[in-house]
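S.K.: just coords:
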């Protein structure tokens, strides 16, 4: 387990820090830190603040993903899914929700709006070469292996 230093925006301390809802949860919930409800119309997006500020350790990122219940029941997702919070970011964590549904969707203060995991990452040193090695797949992609 890794420790993450965090602060909470003044006025939203009651929402607490992200929590894992069950012992086997791999992701912790992020809550909406808003004063009043925000309604997202079909096809629209909204940046929902979480009230959380974090210090992600170097070599790690916070990976923000949609909640499956929102997706299934309301067609709500995250525009830039997955959202990435880098280790050098110190601003408030926000979640950009999009309403893919046919009905307006309302987010209320304290609603669990997304989930987050902390992942260890490696950075790469990109090297310019003249030609890539060959593989049986080659440049085939975007459905080249068929549907079934």
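M.R.: Okay, I see it. Quick caveat, the model's predicted, so the values are computed rather than measured.
S.K.: quick one: contacts for residue 93?
M.R.: Applying CB atoms under 8 Å, 6 or more residues apart in numbering, we find residue 93 in contact with 30, 49-50, 52-54, 62, 64, 85, 116. Backbone N, C-alpha and C define where each C-beta goes, glycine included.
S.K.: on the three-state scheme, it is what?
M.R.: In three-state terms, and counting by DSSP: H, G, I helix; E, B strand; the rest coil, residue 93 is strand.
S.K.: state the pLDDT value of it.
M.R.: With respect to pLDDT, residue 93 scores 98.
S.K.: separation between it and residue 112?
M.R.: According to CB to CB, to the nearest Å, residue 93 stands 14 Å off from residue 112.
S.K.: and for residue 36?
M.R.: For residue 36, the distance to residue 112 under the criterion CB to CB works out to 18 Å.
S.K.: who has more neighbours, the two?
M.R.: residue 112 (16 against 6; other CB atoms under 10 Å).
S.K.: grab the nearest non-local neighbour of the more buried one.
M.R.: Nearest in space to residue 112, with sequence neighbours left out and distances taken as CB to CB, 6 or more residues apart in numbering, is residue 29 at 4.2 Å.
S.K.: among the helices and strands of this protein, which one scores worst on average pLDDT?
M.R.: helix 68-74 (a mean of 91; mean pLDDT, DSSP states H and E).
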